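>>> whatever this is, show me its structure:
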Amino acid sequence: MGDFNVVFGAHEHSRGARNPSRPSHEFRAFLDDAHLHNIDTAGPQFTWVTHHSNHGYMAARLDRVLVNDEFLDLWHTTSAIVLPRVSSDHHPIVGEHCMHGSIRVYLN
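This next block holds a predicted model:
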């Protein structure tokens with residue numbers, strides 16, 4: 001889980017990034033090569049916001065929860081929730097994983 005500073009397309013940026021950039025393609029290739037899966041989140045669509053004096057309001061989905069196949073095999077039910085921002089320009093993310101009645105919760 002973390003801040004990867006990459007959007008996958010216009011749907012992940014408040015100003016509608018035109019085309020996914022080279023870093024986006026490279027990041028997707030890395031995820032595929034490493035067999036990592038992006039866990040969908042509930043809550044606010046964007047995980048980062050800024051109010052820049054020259055550019056105005058901008059928001060994007062830069063933070064992600066990534067897991068591999070082994071993780072998904074072990075933790076059958078996995079979810080993540082984007083929480084409201086408090087003092088950072090990034091929203092915190094809470095993840096929850098369940099396995100045979102055992103629950104593990106973590107916060108980014």
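
>>> how about stretch 37-48: buried residues?
I39, T41, F46, T47, W48 (16 or more other CB atoms under 10 Å). Using the backbone N, CA and C atoms, a C-beta is placed for each residue, glycine as well.

>>> torsion angles phi and psi at the first one?
What it means is I39. phi -80, psi 130 (degrees, to the nearest 10).

>>> give the contact list for it.
Residues near I39 by CB atoms under 8 Å, 6 or more residues apart in numbering: R64, V65, L66, V67, T78, S79, A80, G95.

>>> out of the residues you listed, who's nearest M1?
M1 has its nearest neighbour among the contacts of I39 in V65, at 4.7 Å by CB to CB.

>>> run the chain-centre distance for the lengthiest helix in the chain.
The longest helix of the chain (DSSP state H) is helix 22-33. From the chain centre to the centre of helix 22-33 is a distance of 14 Å (CA atoms, centre = their mean, to the nearest Å).

>>> before we move on, back to that, from the contacts of I39, pick the one nearest H52.
Lowest distance from H52 to those (CB to CB) belongs to R64, with 22.9 Å.

>>> V82 pairs with what?
On the basis of DSSP bridges, V82 is bridged to I93.

>>> which pLDDT value does the model give the spatially most central residue of the chain?
Computing the C-alpha centroid of the chain and ranking residues by CA atoms, centre = their mean puts R64 first, at 2.1 Å. R64 is assigned 92 on the pLDDT scale.

>>> and what of D40?
88.

>>> I'd guessed it sits against A80; true?
Yes. Applying CB atoms under 8 Å, one finds D40 in contact with A80, separated by 7.5 Å.

>>> need the contacts of I39 in CSV (columns: distance to D3).
Shown next, in CSV, are the contacts of I39 (distance: CB to CB, whole Å):
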residue, distance to D3
R64, 8
V65, 12
L66, 12
V67, 17
T78, 20
S79, 20
A80, 14
G95, 15
